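>>> Quick one: sequence and predicted model below, then my questions.
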Amino acid sequence: MCVCAVWGDYAIQSIRGEVDAGNYTYYKLQWDGPVTIVLESLSGDADLYVSKTLLKPTFDPEEFDFSSTTCGRDWVDIPRACPRPLGVAVYGHPRQPSSSYELHLVYRDPDYLDQFTLHPENDTEDELLGTLRKRAGAQRGSAETETNGAAGTAETAAGAAEAEEGTEGAAKGGETAEEAAAGAVAAAISERVQATVTSGALLSYETQMLLELLAEDGLLVSARGLGLERLVTALVRVHCDPGQLVLVMGTGRPEEEYIVERLAADGVSPLPRTVTADTSVSERCSLPLTVPSTVSRQVYLQGGVLFVTSRILVVDLLTERCPADLVTGLVVYRAHAVVESAQEAFILRLYRQKNKTGFIKAFSSSPLSFTSGFCQVQRVMRNLFVRNLYLWPRFHMQVNQTLKECAPEVVEIRLKMTPLMMSIQTALLDLINISCKEFRRLNPSLDWDSLTAETVLSRSFHKVTRHRLDPVWNQLSARTRQLASDLRTLRSLLLALPQLDSCSFYQLVAAQQTAERALNSGWAILDAAETVFVDARRRVFGDVQPQAKRAVRAEGKRPQPKVLTPEEPPRWPALSEVLSEIRAEVSAAAADESQDSLPLWPDKVLIVASDMAACRRIREFLTLGSEAALWRRFQLTLASRYDDDAFIPSTAVTTTPTTAQEKAPNKDGGQQTLTQMGNADPKTSAGGGTADEDELQVSLPDSPLLLLLPTKDANDPYQLQRSLHLYRPRYVVLYDLDVAVIRTIEVHQAATPERQLRVYTLLFSGTSEEQAYLTALRTEKQAFEYLISEKASMVVPEEREGRDDTNTDLERGAVQPEPAAASSRRGGVAPPPPAEPPRVIVDMREFRSELPSLLHRRGLEIVPATIEVGDYIVTPELCVERKSVSDLIGSLMSGRLYGQALAMSRHYRRPLLLIEFDQSKPFTLQGKYYLSSDMSSAQVVSRLQLLTLHFPRLRLMWCPSPYASAELLHQLKEGAGEPSLAEARSATADRTDTLAEDRVNPQVRDFVSKLPGVRQKTLYALLNKIDSLLDLLEMSEEALAEVLGSPTDASQLHQALHGKLSAPAPGDMSAAKRPATATTAGRGRAARPRFWRGKKKS
């Protein structure tokens, strides 16, 4: 603990840094006590800004809450009640080229510091490392205990007791402290496993899943909706111990928040920590502000469970920040995405090369992902270094038995479409069949005979289409590409038919009824398409032919307004009947109960819809009624096409209540409609904006609370699980059917058998919606049957797990060419091997790509570093800038590639531009697949030609895939020297724009750049010195010369700013030209050299 002498208090942390003029350096403060942030400007002038809501505040008054902008020492007092984390910004004043500073975090309560887990004086890095090494010795004992645990809970408890006895015996027998610590950790793991299994939080099949994984590593594939997140949470709970170091990768922020939330609710300590790309080095060290990277290992040495992104973890493993030999194990989420060139596969290979005893446990809930490709599941298991495959489909005997023991009460309501809806559905299916036949006829070589209407309706249609067509997209005709687009359009219309109301659906259909669509698409001129257009219009307007605004203006007279009676969606009356039945049952139950006994969980109704738009439509129907909700939909979607008085709502909207507008008595004994009951807010029911809790709740008198829940919420995919656990609803209405939603409700009912659920399902029978649901079930079943057959015939070698040196996948450089033969000139002696393995310096930002992993696989040492010039430093002379096709086009159009080529040519003799294509897409620049509609491939090629003309030493290398790039770079590396890390870091780009372009007013910048004497190299140097154009006018000629670096340019600029605007008199023309002659020396006659022989003018 260091003491700040200036303040006389405890300085938790001190940081020294430097910030350029007009730039920001950001930090994130997570310390939750009363602190003071002190900023000492060592040189220049740095200012301090702190925000409670933004992690990157600026000097804008609306973007910071605390600030200190003095010329000396700046400080800000942060109270304890201020929420964390806080965004801290250090701003370099524009008048100083750069400002160096020291940032101190001071705390005034020394007793509070004891809660801090990292004590630099008491626990050094060596001590933490030694402690973790002792704890790591417990891995073998814990593995044995977990194996015993797989046989049953009783044997697990026996193993824990034996471990405790072994620990006591070791202490009495004088064994080492490391062995005693290993036994203690093994006993702690056994207790956690036993507590997790016997707590009843897991179902019987979930317990079996957990015990199988704890017994032996493997890949677990479960069906969607069976509670895979619950299993991962239980596994994390077992390993939440500082004596272990478990890394979880492949998770996103929603999964991490859900797991931590569940563990915190169960009182688990310590909770897992998160390390992401947005996390500074300080958070990786569990410190409140950024610290040097030399202590970043301490976040790993503290143990526990860490959620780590793949990009962070691969860099930490390569730089040895993460002690791979001390990691207890890895947990891989979304294991179906682990292909050979993925970052996760790179991490697993690095981990298994350095750690032979740690575990690897992988999870996936996407069985369909393992069915595409040749032996896909075997390749994934090979990349995961696991031998066992655990399959848990919905039809698994144990799963089926567990969910049947306490199944919810299901009330299935079969709905029928209206005649117009059936006509539209039949026409859309005919159009899809016609398009599929035409697609197969035009492309017989694709061998896609399975392309039918059922395939188009499947959930994975877009994914399958991309997988089949992307590699040959440049070889497809324009007609074929249009057919692929037409199939997506028709599929969206068919799926939207049972979900949308008549007005919203007609808006989608009318958007396709254009002249451009009729010319480009073949289906728009067919008879079935005319049926779709006519019947969709009749659902809204009936037999009335609506006239657009232009037609009314041409006739010169306005017709009488017509009453609008759109067709009511069939789901709305069914939903109203369901709610009436629930309301009657709840009222009857309340009448039977006494007033003193209130239920622990009041009855609530959860209405599950597909998305947020469907929830808004349901809310409008419940609060406004059917006619009013349809009139509102018409006003939002179609009213702009017609005159304001062309249509009027039906009288039932204002006077006659509908089925959903049943009258209920109020407190005064009168009657009020549901419109008055709901207290509808036009702001929340407008159909736009973001959702909040008020928008998703509907309160009606004499009715339980109605909760609207969208299942396809990208921000929170676990919203259904949270709502079921938090609200404990008595009734669930499935407005739209989804396989995962139904299974999630089944798992919740089995986990809470004390509260019986009743589930109402609203399903159109004999429609495309039912077919899509059945297709999803059938495809998942077929995928599991395929995996079961693959598992039965799978041959897995013993060395697959890589726990010894016999696994060839862990060998590096296996794809290298044969070693050079013995030369007679050397006396038959082969050339000696290199003293050290070849290495390549890779920029940190390149670890998003696959190339570093493939280079490491070929035997090259990867050195991560932050470099400004180039992406890969292969040799001391060879610098490579890698560009994908999209990045290449953007760099050429913006001019950024010119600056990068200039910097590479200045610092390296052999600059190289590597243009890398996606291996799943065509290796060509032709067509509009990569390019936008207003850009042609000729523009890209012409700019590349200009680039090679400006930089003759720049070489272009075209690679169809990352594998080809790795092979070419490996060949270029052979026999070459090793690059210097210091020289690579010292190479900087020639940045004349020291002030970022996005922080300058572009209009002012363009104006200043056009002034006389201002050059491109001195433009940003001048902008750094001024805050406004008034400062530029006040600068003297000497000050301008100091900034511009040329008295001539300064004179021209000063004269242009302060000279007269009036034209000189005719007699003063010569006088006016004299200063210009003086400033353009070498151009006039007096400056001509003696050897100049020009003819005199007469």
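Sure thing, it's come through.

>>> For the stretch 801-950 of the chain, just list every one of the helices.
Secondary structure of the stretch 801-950 of the chain by DSSP state H, counting those that start in this stretch: the helices cover 851-857, 885-894, 896-907, 937-950.

>>> Quick check: mean pLDDT of the second one?
The pLDDT scores in helix 885-894 average 80.

>>> next one: stretch 612-632
The pLDDT scores in stretch 612-632 average 89.

>>> mind checking how far residue 202 is from residue 983?
In this view, residue 202 and residue 983 are 57 Å apart by CB to CB, to the nearest Å. C-beta here means a position set from N, CA and C on the backbone, and glycine is covered the same way.

>>> Mind checking which of these two has more residues around it?
A count of neighbours by other CB atoms under 10 Å puts residue 202 above the other of residue 202 and residue 983, at 20 against 14.

>>> For the more buried one, which non-adjacent residue is closest in space?
Once flanking residues are discounted, residue 202 sits nearest to residue 234: 5.8 Å by CB to CB, 6 or more residues apart in numbering.

>>> host element of that neighbour?
Using DSSP states H and E, residue 234 falls within helix 228-238.

>>> Also residue 538?
Using DSSP H and E, residue 538 falls in helix 527-541.

>>> hey, C-alpha coordinates of that helix in PDB?
Provided in PDB are the C-alpha atoms of helix 527-541 (Å, rounded to 0.1, in the frame of the first residue of the first chain):
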ATOM      1  CA  ASP A 527     -52.300 -15.000 -61.500                       C
ATOM      2  CA  ALA A 528     -51.500 -16.200 -58.000                       C
ATOM      3  CA  ALA A 529     -49.800 -12.900 -57.200                       C
ATOM      4  CA  GLU A 530     -52.900 -11.000 -58.300                       C
ATOM      5  CA  THR A 531     -54.900 -13.100 -55.900                       C
ATOM      6  CA  VAL A 532     -52.500 -12.200 -53.100                       C
ATOM      7  CA  PHE A 533     -52.800  -8.400 -53.900                       C
ATOM      8  CA  VAL A 534     -56.600  -8.400 -54.400                       C
ATOM      9  CA  ASP A 535     -57.500 -10.500 -51.300                       C
ATOM     10  CA  ALA A 536     -55.000  -8.600 -49.100                       C
ATOM     11  CA  ARG A 537     -56.800  -5.400 -50.100                       C
ATOM     12  CA  ARG A 538     -60.200  -6.900 -49.600                       C
ATOM     13  CA  ARG A 539     -59.300  -7.800 -46.000                       C
ATOM     14  CA  VAL A 540     -58.900  -4.100 -45.300                       C
ATOM     15  CA  PHE A 541     -61.300  -2.300 -47.500                       C
END
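
>>> oh, and call the first residue 10 from now on, that's how I've got it
Understood, numbering begins at 10; the last thing we discussed is helix 536-550.

>>> got the buried residues for that helix?
Going by neighbour count (16 or more other CB atoms under 10 Å), the buried part of helix 536-550 is 537, 538, 540, 541, 542, 544, 545, 546, 547, 548, 549, 550.

>>> pLDDT and distance to residue 818 for those residues - can I get that in JSON lines?
Formatted as JSON lines, the buried residues of helix 536-550 follow (pLDDT from 0 to 100; distance: CB to CB, whole Å):
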{"residue": "537", "pLDDT": "91", "distance to residue 818": "54"}
{"residue": "538", "pLDDT": "90", "distance to residue 818": "54"}
{"residue": "540", "pLDDT": "92", "distance to residue 818": "58"}
{"residue": "541", "pLDDT": "92", "distance to residue 818": "55"}
{"residue": "542", "pLDDT": "92", "distance to residue 818": "58"}
{"residue": "544", "pLDDT": "92", "distance to residue 818": "59"}
{"residue": "545", "pLDDT": "92", "distance to residue 818": "57"}
{"residue": "546", "pLDDT": "91", "distance to residue 818": "62"}
{"residue": "547", "pLDDT": "91", "distance to residue 818": "64"}
{"residue": "548", "pLDDT": "91", "distance to residue 818": "60"}
{"residue": "549", "pLDDT": "89", "distance to residue 818": "62"}
{"residue": "550", "pLDDT": "88", "distance to residue 818": "66"}
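
>>> Can you tell me which of the residues you listed is nearest residue 982?
residue 538 (59.4 Å; CB to CB).

>>> Would you mind measuring from the residue nearest to that closest one when sequence neighbours are not counted to residue 524?
Computed as CB to CB, 6+ apart, the closest residue to residue 538 that is not its neighbour in sequence is residue 532, at 5.4 Å. To residue 524, residue 532 is 15 Å away according to CB to CB.

>>> who's more crowded, those two?
residue 532 (24 against 8).

>>> Can you name the residues in contact with the helix holding residue 547?
427, 429-430, 432-433, 436-437, 439-440, 443, 502, 511-512, 514-515, 518-519, 522, 532, 555, 571, 573, 575-576, 643, 647 (CB atoms under 8 Å, 6 or more residues apart in numbering).

>>> Which of the residues you listed are buried, as a ChimeraX select command?
Buried residues within the contacts of helix 536-550, by 16+ other CB under 10 Å, are selected in ChimeraX with:
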select :429,430,432,433,436,437,439,440,443,502,511,512,514,515,518,519,522,532,573,575,576,643,647
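
>>> Restricted to strands, list the contacts of helix 536-550.
Members of those lying in strands (criterion: DSSP state E): 571, 573.

>>> From the chain's centroid, how far away is the helix holding residue 547?
Using CA atoms, centre = their mean, to the nearest Å, the mean C-alpha position of helix 536-550 is found 40 Å from that of the whole chain.

>>> gap between the closest residue to residue 815 other than its chain neighbours and residue 334?
Take residue 815 and drop its neighbours on the chain: the residue closest to it by CB to CB, 6+ apart is residue 808, 4.2 Å away. Distance of residue 808 to residue 334, computed by CB to CB: 20 Å.
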